[in-house]
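A.B. asks: no FASTA, just this:
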């Protein structure tokens, strides 16, 4: 086996890795496209400008977290432990960042720097993620024999070009940068 001489050679791996999700998790069942995972550091400016912060509330008894509570109610009941308490006693913390615009759905959880792209007009071909994101594709590990995973388009990157190949979900044709 020869040395890798250029970027195109790095896309010639034989195996996309292990699907730890066994075809059941981190996949869009309608399209068969995997959820894409990318570090927020790859798209930091665009992500910081476009995503919105969400709050996570936690039960004061068992600590079970839920994304949304009805803050108009005087009292909340935990779906996990069944105990009720005044809404003001449920503690809130910044829980996640989300971007939804009709074309994309992407989310970054507070304790993780990775963004999960669960809907996009684009996909790329890449390797599976490690067991910590079973069934998802790590879009920065390009592989022309890899799995389809949702990704951000070229416009999400400072120089107007994604660091991976971008394909249109509807046409399966490569989307070129402008």
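C.D. replies: Good, I have the coordinates. All values derive from a computational prediction rather than experimental measurement.

A.B. asks: Can you tell me whether I have it right that residue 127 is in a helix?
C.D. replies: No. Looking at residue 127 with DSSP: H, G, I helix; E, B strand; the rest coil, it is strand, so not inside a helix.

A.B. asks: Ignoring the adjacent residues along the chain, who's closest to residue 78?
C.D. replies: The shortest distance from residue 78 to any residue other than its chain neighbours is 4.0 Å, reached at residue 59 (C-beta to C-beta, 6 or more residues apart in numbering). (C-beta placed from N, C-alpha, C; glycine too.)

A.B. asks: Surely that neighbour touches residue 87?
C.D. replies: No. If you go by C-beta atoms under 8 Å, residue 59 and residue 87 don't touch, sitting 11.5 Å apart.

A.B. asks: any residues in contact with both of the two?
C.D. replies: residue 76 (C-beta atoms under 8 Å, 6 or more residues apart in numbering).

A.B. asks: residues in contact with the host helix or strand of residue 118?
C.D. replies: Residue 118 belongs to strand 114-119 when assigned by DSSP states H and E. For strand 114-119, the surrounding residues in contact (C-beta under 8 Å, 6+ apart) are 26, 28, 35-40, 43, 47, 103-108, 133, 136, 139, 149-152.

A.B. asks: do that again at 7 Å, thanks
C.D. replies: 35-40, 47, 104-108, 136, 150-152 (C-beta atoms under 7 Å, 6 or more residues apart in numbering).

A.B. asks: got it, and stretch 84-93?
C.D. replies: 55-60, 69, 71, 73-77.

A.B. asks: where are the low-confidence patches of this protein?
C.D. replies: 1-14, 67-68, 91-95 (pLDDT under 70).

A.B. asks: For it, which segments count as strands?
C.D. replies: Along the chain, the segments classed as strands by DSSP state E run 36-39, 52-58, 65-66, 75-77, 84-86, 91-100, 105-109, 114-119, 122-128, 137-142, 147-150, 167-168.

A.B. asks: packing partners for the second one?
C.D. replies: Counting contacts by 3 or more C-beta pairs under 7 Å, 6 or more residues apart in numbering; DSSP states H and E, the secondary-structure elements packed against strand 52-58 are strand 65-66, strand 91-100.
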